[in-house]
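>>> Here is a sequence together with a model predicted from it:
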Amino acid sequence: MQRWYFKSTSVMIVRIWSSWLVHKTNEPFDFAPAGVDKLHLDSPDEYFMNYILEFDVIVLSSGHWFAKQSVYILNNEIFSLPSLHIQTYTGLTIVRSYSPDHYEGGAWNTGGSCTGKEKPLAPGELVKNGFTEIMHEKQVTGFNNALKKATNKSKLRLMDITEAFGYRHDGHPGPYRNPDPNKITKRGPDGRPPPQDCLHWCMPGPVDTWNELVLETIRREFEGNQSSLSNN
């Protein structure tokens, strides 16, 4: 975990990494022996939960792998977050939706490639990705379920970036993560593409836009509340 404190605005930003968001143990259980990870889907990750009440704003951002692990396995229930049920928590929780990849001709480990993408897709050019659509649908369903189950005064907002950034196949590191100084972007004589990374995003790049969306969501929530209080 890292913390950054900005004295000029008295703001602290904390980064917490949690691979599952739920309780994990390697103790023996039923037929599963010790040393094998077991997930308790009805219990939150204690490390993450220890800090909930310290935050005014929580941003949940899961990558390609973590979304596959958590959203799918939890069957739409991952966003029934304990932050919505801790009675004394009144903060804002922002859930960023599934981050799309743009592998073509295979997956990350089977020759998939996003080579040669130099500009965003134009309207009507978006190619449907069945896996991405399934994951996004599960996230939205889970998010809506969480809204219905909320029992406190906290606020839950969905920052849905999935479809919009489906158009940004040009925003991945792609072959540019290759340490080769020539940054080869064309397929080799054997037809294979250079080393790819279509899961992460270039910095600067689309992620900067996500940051702007987060800031705008926070601004609207808190400035709107202040405006309402002043009017009353």
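Happy to help now that I have it.

>>> What pairs with the lengthiest strand in the chain, parallel or antiparallel?
The single longest strand within the chain, with elements called by DSSP state E, is strand 38-44. Using DSSP bridges, strand 38-44 pairs in its sheet with strand 22-25 (antiparallel).

>>> Excluding chain neighbours, what is closest to Gln196?
Nearest residue to Gln196, sequence neighbours excluded (Cβ to Cβ, 6 or more residues apart in numbering): Ser113, at 5.4 Å. Where you see a C-beta, it was placed from the backbone N, CA and C, and this is true even at glycine.

>>> for this structure, what spans make up the strands?
Under DSSP E, the chain gives strands at 2-6, 11-15, 22-25, 38-44, 57-61, 92-96, 155-159.

>>> Scan the helices and strands of the protein for the one with the lowest mean pLDDT.
When the helices and strands of the chain are scored by mean pLDDT, DSSP states H and E, helix 64-73 comes last with a mean of 46.

>>> any weak-confidence spans in this protein?
Within the chain, the stretches with pLDDT under 70 are 42, 62-85, 225-232.

>>> who does the biggest helix by length in it touch, helix- and strand-wise?
The longest helix of the chain (DSSP state H) is helix 206-231. Helices and strands touching helix 206-231, as assessed by 3 or more Cβ pairs under 8 Å, 6 or more residues apart in numbering; DSSP states H and E, comprise strand 57-61, strand 92-96, strand 155-159.

>>> just the ones you listed: most buried one?
Of all these, strand 92-96 carries the top mean neighbour count, a mean of 20, counting by mean count of other Cβ atoms under 10 Å.

>>> In terms of secondary structure, what does that one contact?
Partner elements for strand 92-96 (3+ Cβ pairs under 8 Å, 6+ apart): strand 57-61, strand 155-159, helix 206-231.

>>> Tell me which residues of the last one come out buried.
What it means is helix 206-231. Pro206, Val207, Thr209, Trp210, Leu213, Val214, Thr217, Ile218, Glu221 (16 or more other Cβ atoms under 10 Å).

>>> if we can go back for a sec, please convert the strands of the chain to CSV, extending it with distance to His169.
Listed next are the strands of the chain as CSV, based on distance: least, Cβ to Cβ, whole Å:
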stretch, distance to His169
strand 2-6, 31
strand 11-15, 28
strand 22-25, 32
strand 38-44, 33
strand 57-61, 20
strand 92-96, 19
strand 155-159, 20
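
>>> Out of those, flag the one nearest Gly142.
strand 92-96 (9.0 Å; Cβ to Cβ).

>>> Could you figure out how far that closest one is turned away from helix 206-231?
150 degrees (axes from the mean of the first three to the mean of the last three Cα atoms, to 10 degrees).

>>> and strand 92-96, C-alpha only, in CSV?
C-alpha atoms of strand 92-96 as CSV (Å, rounded to 0.1, in the frame of the first residue of the first chain):
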residue,chain,number,x,y,z
LEU,A,92,-18.7,7.9,-2.3
THR,A,93,-17.7,4.6,-4.1
ILE,A,94,-16.9,4.8,-7.8
VAL,A,95,-16.8,1.5,-9.7
ARG,A,96,-14.9,1.6,-13.0
